[in-house]
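Enquirer: This is the structure alone, sequence omitted:
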């Protein structure tokens, strides 16, 4: 049995970091008031990776002072408590928006008034505060599908904490784990849709979907700048870190990861070396390509894969469409996989397309792994309450994407794909995996397959990328497009709304009116929203 991994003691980063300095004239100091040490360290490391100089200590060389959720007066109070009566001439007091934009654009953005710290507003009377809170709550609809939720929002400090608690609840398992996780997700969804920063617990209590537990988390952050519960999870035992590590293995869910943790495993090498474990083929390749599959997929890579698949299916069947769905369709620049929804405007012409496409991809040696699922859709079963998942013919695969194509491609893909928005904050560091094995495809005939050949001296020239290929008949395409675009919470809220408010059953295949006992056809996403009497939301507004 492997012994538990010891946590390395934290060491202070040296003033002069090892990263290359790209912007020597920009010296950043990040105020750590109302900020956990973990977040403070993360922001400093992020800026240094982007080529900025970040000072651990305030001094005359600092040019840009950055603070989160603080007024200009509060920052000055911070410095006064350290014995400073004033700042050095020419230093800018900036909010987190300047920092975020600079990290996104990989350069110091121009300083405009909206990026400077504001003075603390004067206190308003209690009746007006109450009136504003009530008005804000009234303007926030109950269901996520009724709200416009974009990637850029003003409550990241709350949603980041709530999403970590959701993730942790999912890892714990047990009867109430799903309910706990869902409650955090609902609260986070509501806060993402707010057009302003949340500033009081009173307002949070009036908003839909924010339960008592989430309110306590919000109150902690408002009062202390961080959540004690979140801090305990991050600084406590190695359970959370290990579960993140193991669920990062392709084909491993929370149940398997938790069992491995309870068996005493703590590292990927523990899993690799234990002969008593009987790993499935997808899990074996998940270990082999761990670093690839846990490195975010860029929009450029997604568009490359999209273009490649589109070209192949159109050669096989003219008129076929392949749409990049998921987070990329909602405007994200990074994701964990690529979802492609494939269809043909003539019903039936999509039949046999997936197997033919996979044969072409195998011929070109573009698949490291594949497993297919047949279409199991049964229209007569839609009315059953448990019939909620989609039942399309699909393939879960790992593409072998040529690294030279990635480095040589910019702005690849259809112009209709939005590139607005970014994922919040960076990915966690992944386990160090040797990239010495070449993984090649063997014909699977509908079953999962891969083979590995050890080439200890040859570095592979491709990167593994998860790609899901979904085949939708024309009559179900509009519903499939809504379902596969997401987000998960948007879809859940839309289905709840359909059931509770409209007495309808919505799936990724069809919409069924349980009162009139009829199926409602849809040719476009707009038709789906119209049937439900919902305001149409663009994909970029569905980031619940």
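Expert: Received it, and whenever you're ready, just let me know what you need. Here the structure is a predicted model, which is why all the values come from computation and not from measurement.
Enquirer: Distance from the chain centre to stretch 378-396, please.
Expert: Relative to the centre of its chain, stretch 378-396 is centred 25 Å away, using Cα atoms, centre = their mean, to the nearest Å.
Enquirer: My guess is residue 79 contacts residue 62. True?
Expert: No: assessed by Cβ atoms under 8 Å, residue 79 is found out of contact with residue 62, at 11.1 Å. Where C-beta positions appear, they are placed from N, C-alpha and C, glycine not excepted.
Enquirer: Relative to residue 528, how far out is the residue in the chain sticking out farthest from the centre?
Expert: Relative to the centre of the chain, the most outlying C-alpha is that of residue 85, 43.0 Å out, by Cα atoms, centre = their mean. Counting by Cβ to Cβ, to the nearest Å, the gap from residue 85 to residue 528 is 62 Å.
Enquirer: my guess is residue 26 meets residue 65, correct?
Expert: No: using Cβ under 8 Å, residue 26 makes no contact with residue 65, being 11.8 Å away.
Enquirer: low-confidence ranges in the stretch 251-400 of the chain?
Expert: 385-389 (pLDDT under 70).
Enquirer: can you check the chain too?
Expert: 1-18, 120-138, 385-389, 408-458.
Enquirer: hmm, back to that, which of residue 26 and residue 65 has more neighbours?
Expert: residue 65 (23 against 18; other Cβ atoms under 10 Å).
Enquirer: And the helix or strand encompassing that one, what does it pack against?
Expert: In the assignment (DSSP states H and E), residue 65 maps to strand 64-66. Secondary-structure packing of strand 64-66 (3 or more Cβ pairs under 8 Å, 6 or more residues apart in numbering; DSSP states H and E): strand 23-30, strand 92-94, helix 96-105.
Enquirer: possible to save the ones you listed as CSV with distance to residue 355?
Expert: Below are these laid out as CSV (distance: least, Cβ to Cβ, whole Å):
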stretch, distance to residue 355
strand 23-30, 52
strand 92-94, 56
helix 96-105, 42
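Enquirer: Looking at the ones you listed, spot the one closest to residue 479.
Expert: helix 96-105 (34.1 Å; Cβ to Cβ).
Enquirer: Tell me the gap between that closest one and the middle of its chain.
Expert: On Cα atoms, centre = their mean, the centre of helix 96-105 falls 19 Å from that of its chain.
Enquirer: Now do that helix: which elements does it pack against?
Expert: helix 37-49, strand 64-66.
Enquirer: could you dump these to JSON lines with distance to residue 245?
Expert: As requested, the helices and strands packed on helix 96-105 are arranged in JSON lines below (distance: least, Cβ to Cβ, whole Å):
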{"stretch": "helix 37-49", "distance to residue 245": "17"}
{"stretch": "strand 64-66", "distance to residue 245": "31"}
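Enquirer: ok so, going back, quick one: contacts of the strand holding residue 65?
Expert: Residues from elsewhere that reach strand 64-66 (Cβ atoms under 8 Å, 6 or more residues apart in numbering): 26-31, 43, 58, 75, 87, 91-96, 98-99, 108.
Enquirer: From these, list the buried ones, please.
Expert: When the contacts of strand 64-66 are checked for burial by 16 or more other Cβ atoms under 10 Å, the buried set is 26-31, 43, 58, 75, 87, 91, 93-96, 98-99, 108.
Enquirer: from the chain's centre, how far out does the strand holding residue 65 sit?
Expert: 28 Å.
Enquirer: Please apply the same query to stretch 218-236.
Expert: With Cα atoms, centre = their mean, you get 21 Å for stretch 218-236.
Enquirer: Now do the end-to-end distance for that stretch.
Expert: Taking Cα to Cα, to the nearest Å, stretch 218-236 runs 21 Å from one end to the other.
Enquirer: Kindly report the same for stretch 194-201.
Expert: Stretch 194-201: ends 14 Å apart by Cα to Cα.
Enquirer: And that stretch, what's buried?
Expert: Buried residues in stretch 194-201 (16+ other Cβ under 10 Å): 194, 198, 201.
Enquirer: how about the residues you listed in JSON lines, adding secondary structure and distance to residue 49?
Expert: Shown next, in JSON lines, are the buried residues of stretch 194-201 (DSSP: H, G, I helix; E, B strand; the rest coil; distance: Cβ to Cβ, whole Å):
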{"residue": "194", "secondary structure": "coil", "distance to residue 49": "30"}
{"residue": "198", "secondary structure": "coil", "distance to residue 49": "30"}
{"residue": "201", "secondary structure": "helix", "distance to residue 49": "35"}
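Enquirer: mind listing the strands for the stretch 151-300 of the chain?
Expert: Along the stretch 151-300 of the chain, counting by DSSP state E, counting those that start in this stretch, strands occupy 297-298.
Enquirer: count of neighbours near residue 364?
Expert: With other Cβ under 10 Å as criterion, residue 364 counts 11.
Enquirer: quick one on the thing from earlier: would you mind saying which of the helices and strands packed on strand 64-66 lies nearest residue 155?
Expert: helix 96-105 (12.0 Å).
Enquirer: could you check the angle helix 37-49 makes with the closest one?
Expert: 50 degrees (axes from the mean of the first three to the mean of the last three Cα atoms, to 10 degrees).
Enquirer: how near is residue 339 to residue 485?
Expert: 9 Å.
Enquirer: what do the two both touch?
Expert: 325, 326.
Enquirer: Regarding stretch 274-287, how distant is the last residue from the first?
Expert: So stretch 274-287: terminal residues 13 Å apart, Cα to Cα.
Enquirer: whoops, I mixed them up, stretch 82-95
Expert: 21 Å.
Enquirer: Need the residues that contact it.
Expert: With Cβ under 8 Å, 6+ apart as the criterion, stretch 82-95 contacts 58-60, 62-68, 72, 75-76, 79, 111, 115-118.
Enquirer: Selecting buried members of these in PyMOL, what would you type?
Expert: Filtering the contacts of stretch 82-95 down to the buried ones (16+ other Cβ under 10 Å) takes a single PyMOL command:
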select buried, resi 58+62+63+64+65+66+67+68+72+75+76+79+115+117
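Enquirer: So which of the contacts of stretch 82-95 sit within helices?
Expert: 72, 75, 76, 79 (DSSP state H).
Enquirer: any idea how far residue 112 is from the third one?
Expert: The reference is to residue 76. Distance from residue 76 to residue 112, by Cβ to Cβ: 21 Å.
Enquirer: Ok, the second one next?
Expert: In this structure, residue 75 and residue 112 are separated by 19 Å, where distance is defined by Cβ to Cβ.
Enquirer: likewise residue 359?
Expert: 55 Å.
Enquirer: which residues of the stretch 401-544 of the chain fall in helices?
Expert: 403-407, 477-485, 488-502, 525-531 (DSSP state H, counting those that start in this stretch).
Enquirer: which one of the ones you listed has the most crowded surroundings?
Expert: helix 477-485 (a mean of 23; mean count of other Cβ atoms under 10 Å).
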